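In: 3D, please:
(one chain, ligands or ions: 1)
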Amino acid sequence: MHKMLSSLARSAIATSLALAFSVHAAPAAKLPIVKEAPLRGHLAFLSSDLLEGRGTGQRGGDLTVAYLEAQAMSAGLKPANGNSFRQAVKIAGVKAAPESSNVGIEAGGKALPLAFGKDWVWGPGDAKPARTMDAEMVFVGYGISAPEEGWDDFKGLDAKGKVLVMMVNDPMPTAAEPNRFNGKGLTYYGRWTYKLEQAARLGAAGVLMIHTDASASYGWSVVQNSWMAEQFQLAEGKIGAGMQGWMTDATARTLFAASGFDLDQLRAAAEDKGFKPVVLNTRVKGEMKSTIRSIEQFNVAGVVPGTDPKLKDEVVIYTGHWDHLGKQGTGADNIYNGAVDNASGIAGLLAMAQEAVKAPAKRSQMFLFVAAEEQGLLGSAAYAVSPLWPLDKTAANLNLDSLNFVGATKDIDTSGSDRTELGMMAAATAKAMGMGISPAAPDLAGGYFRSDHFSFAKAGVPAFSVKGGKDYVKDPEGAKAKNATYRAKYHQVGDEYDPSWDLSGMVQQAQFTLNLGRMIADAPKMPAWKAGDAFGKVRAAK
Ligand SMILES: [Zn+2]
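Out: Purely as a prediction, here's the structure:
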């Protein structure tokens, strides 16, 4: 009797689990199954030399957009932007012109001898070609305003007309507060992109960040090279402060000393929440000039309308960036094909879309191919500024960037999903596919803030990137070694398609993403953020 009951109970539990976890209740024949052949075809074409590395502002990028549009149409997706699959993304290419500028820093009435590139770099955050600066400098510590941490570095400072000097990263954990600002993990407050955004929000005239190798995890040469070259930013909708830039640690030391302060003392003071902004006895003065180029790029977006009369007004968005580094230089091979990064992701999305249209879900599903990720997530940022679907009716965003080219795995990496109920749903989706979730690793470098899904998260939409597993089914050691060869090809001309690739892992990753997307699309409610998450507050405020 007892045994009988318990086996009945077990089967009841099994049934309810099956119901809870089943992707949807449709007969198996209607389940969309991602096919390898179209995925391989899209991947081979998009990464071919003919597409010239899908560069931003280049012919290869235009060809890619035309291809994506044609494929969206032929798959039977509905245009997401009125009658069009395209969404314009207006980008400014900005290159500082120090040779025709005389902007500098005056400390105690004397000009500091600063060389552009060697000692500091700057550019306009608002894409204006010329500006005259005459602004007081204020040291604002980490430049963070975080109500949920009870932290405010500004203490009511009127930042208008000031140039804010900031440290990067976020306050370090202490013995008394080991978990402040996520302990050793990086919060978004620590990313330099946050610092630029915060300066713009406060209406500051400018922001200069202090570089240290340790806080950046790379040397000054990386900053120098990228700020001496043309940089891309959104031309409208999301504008930075008039002057943005970096100075070296040595420059900061000289500057602070010249205005009568000790940098190390002020740095130490900035670790305390009682820190107050320090007006430096220095000014940024002079003309800053830059050359500006306007470029119009396009996001491509198509929709599978939902079937439920109510829920079809809500959407699940799948994203992947179509751009890579294009054609550069005059070498024998000057095409940055970006086969893995990210022809694989958009090939995956196309193969998913081809099946998704055959078996719509309750909510609508959008396939969004974003532009200019390699230039700083610009296409997805532009989408978040001007969404094609209301953000408060966007259930989730699942992003694909650089898929598994090695082989099928027993696990799938869903890091970042546990900030929201997507974590639970991802685990259920993996389980239904006979897979596990990859072991969690602490996000010390802020990886969550560096992919297109983050443009959605910042706007309050539950979002993460589905990454490939590492526990390979076939020849685990050989497969790991093969995967490791990619490190040397990352952002190099050698990121090329190889017809011998085993795409079973890529198909599996795309299938997982589609299955999870459908689970979200068919669920009674949209997924929620975990209590206390700073990005969840953005959604709650809407
Ligand atoms: Zn990349």
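In: For residue 311, give its distance to residue 152.
Out: Distance, residue 311 to residue 152, by Cβ to Cβ, to the nearest Å: 41 Å. C-betas here are computed from N, CA, C, even on glycine.
In: my bad, residue 60
Out: According to Cβ to Cβ, residue 60 and residue 152 sit 46 Å apart.
In: Who has more neighbours out of those two?
Out: Between residue 60 and residue 152, residue 60 has the larger neighbour count (other Cβ atoms under 10 Å), namely 24 against 15.
In: May I ask which helix or strand of the chain has the lowest mean pLDDT?
Out: Every helix and strand of the chain was ranked by mean pLDDT, DSSP states H and E. The lowest is helix 2-21, at a mean of 42.
In: The helix or strand that it is followed by: how far from the chain's middle?
Out: Using DSSP states H and E, the helix or strand that follows helix 2-21 in sequence is helix 36-46. In terms of Cα atoms, centre = their mean, to the nearest Å, the centre of helix 36-46 is found 25 Å from the chain centre.
In: what's in contact with the helix or strand just after helix 36-46?
Out: Remark: after helix 36-46, the chain's next helix or strand is helix 59-75, criterion DSSP H and E. Here helix 59-75 makes contact (Cβ atoms under 8 Å, 6 or more residues apart in numbering) with 42, 45-46, 50-55, 79, 85-86, 297-298, 300-302, 322-323, 326-327, 346, 350, 353-354, 357, 367, 369, 371.
In: Show me which of these are buried.
Out: Buried subset of the contacts of helix 59-75 (neighbour count, 16 or more other Cβ atoms under 10 Å): 42, 45-46, 51-55, 79, 85-86, 297-298, 300-302, 322-323, 326-327, 346, 350, 353-354, 357, 367, 369, 371.
In: got a list of what residue 137 touches?
Out: Shown in contact with residue 137 (Cβ under 8 Å, 6+ apart): 105, 162-165, 208, 255, 279-280, 282-284.
In: any idea how far residue 243 is from it?
Out: Counting by Cβ to Cβ - residue 137 and residue 243 are separated by 11 Å.
In: Same check on residue 208?
Out: Residue 208 sits at a distance of 8 Å from residue 243 (criterion: Cβ to Cβ).
In: List the residues that are in contact with both of the two.
Out: Shared contacts of residue 208 and residue 243, defined by Cβ under 8 Å, 6+ apart, comprise 122, 163, 284.
In: any idea how far the last one is from residue 191?
Out: If you measure residue 284 against residue 191 using Cβ to Cβ, the figure is 24 Å.
In: If you count surrounding residues, which of the two has more?
Out: residue 284 (23 against 20).
In: quick one: the strands in the stretch 201-350 of the chain?
Out: 206-210, 231-234, 243-247, 278-304, 315-321, 326-327, 335-336 (DSSP state E, counting those that start in this stretch).
In: List the contacts of the spatially most central residue of the chain.
Out: The residue lying closest to the centre of the chain (Cα atoms, centre = their mean) is residue 451, at 2.4 Å. By Cβ under 8 Å, 6+ apart, the contact set of residue 451 is 373, 377, 399, 401, 465.
In: Could you rerun that using 7 Å?
Out: Contact partners of residue 451, counting by Cβ atoms under 7 Å, 6 or more residues apart in numbering, are 399, 401, 465.
In: May I have the beta-bridge partners of the last one?
Out: Taking DSSP bridges, one obtains residue 399 as the residues bridged to residue 465.
In: thinking again about what came up before, now the shared contacts of residue 208 and residue 243 as JSON lines including pLDDT and distance to residue 471?
Out: Shown next, in JSON lines, are these (pLDDT from 0 to 100; distance: Cβ to Cβ, whole Å):
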{"residue": "122", "pLDDT": "97", "distance to residue 471": "46"}
{"residue": "163", "pLDDT": "98", "distance to residue 471": "50"}
{"residue": "284", "pLDDT": "97", "distance to residue 471": "53"}
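In: Of these, which is the nearest to residue 389?
Out: Nearest to residue 389, judged by Cβ to Cβ, of the shared contacts of residue 208 and residue 243 is residue 122 at 37.3 Å.
In: number of nearby residues for the spatially closest residue to the closest one that is not a sequence neighbour?
Out: Distance criterion Cβ to Cβ, 6 or more residues apart in numbering; nearest residue to residue 122, sequence neighbours excluded, is residue 245 at 3.2 Å. Residues lying near residue 245 (other Cβ under 10 Å) number 24.
In: is residue 245 in a bridge, and if so with what?
Out: Residue 245 forms beta bridges with residue 122, residue 208, as assigned by DSSP bridges.
In: I'd assumed residue 123 was in contact with it.
Out: Yes. Contact status for residue 245 versus residue 123: in contact at 6.5 Å, counting by Cβ atoms under 7 Å.
In: what touches both of those two?
Out: Taking Cβ under 7 Å, 6+ apart as the contact rule, residue 245 and residue 123 both touch residue 227.
In: For residue 455, give me its contacts.
Out: Contacts of residue 455 were listed using Cβ under 7 Å, 6+ apart, and they are 377, 380-381, 383-384.
In: Which of the residues you listed fall in helices?
Out: 380-381, 383-384 (DSSP state H).
In: Go through the residues you listed and give me the one with the most neighbours.
Out: Neighbour counts for the ones in helices among the contacts of residue 455 peak at residue 380, which has 29 neighbours (criterion: other Cβ under 10 Å).
In: Tell me which residues of stretch 516-528 come out buried.
Out: By neighbour count with 16+ other Cβ under 10 Å, stretch 516-528 contains the buried residues 516-523, 526-527.
In: Could you do stretch 375-389 as well?
Out: Neighbour-count burial for stretch 375-389, counted by 16+ other Cβ under 10 Å, picks out 375, 377-384, 387-389.
In: Looking at the ones in helices among the contacts of residue 455, which is nearest residue 479?
Out: Nearest member of those to residue 479, counting by Cβ to Cβ, is residue 380, at 30.8 Å.
In: from what I can see that closest one touches residue 317, true?
Out: No. At 9.9 Å, residue 380 and residue 317 do not qualify as touching, with contact defined as Cβ under 7 Å.
In: What segments of the stretch 151-300 of the chain are helices?
Out: Assigned by DSSP state H, counting those that start in this stretch, the stretch 151-300 of the chain shows helices spanning 192-201, 213-216, 220-228, 249-258, 263-269.
In: Repeat that for the stretch 351-500 of the chain.
Out: If DSSP H, counting those that start in this stretch is used as the criterion, the helices of the stretch 351-500 of the chain fall at 378-385, 422-432, 453-458, 476-484.
In: This completes my enquiry, with thanks.
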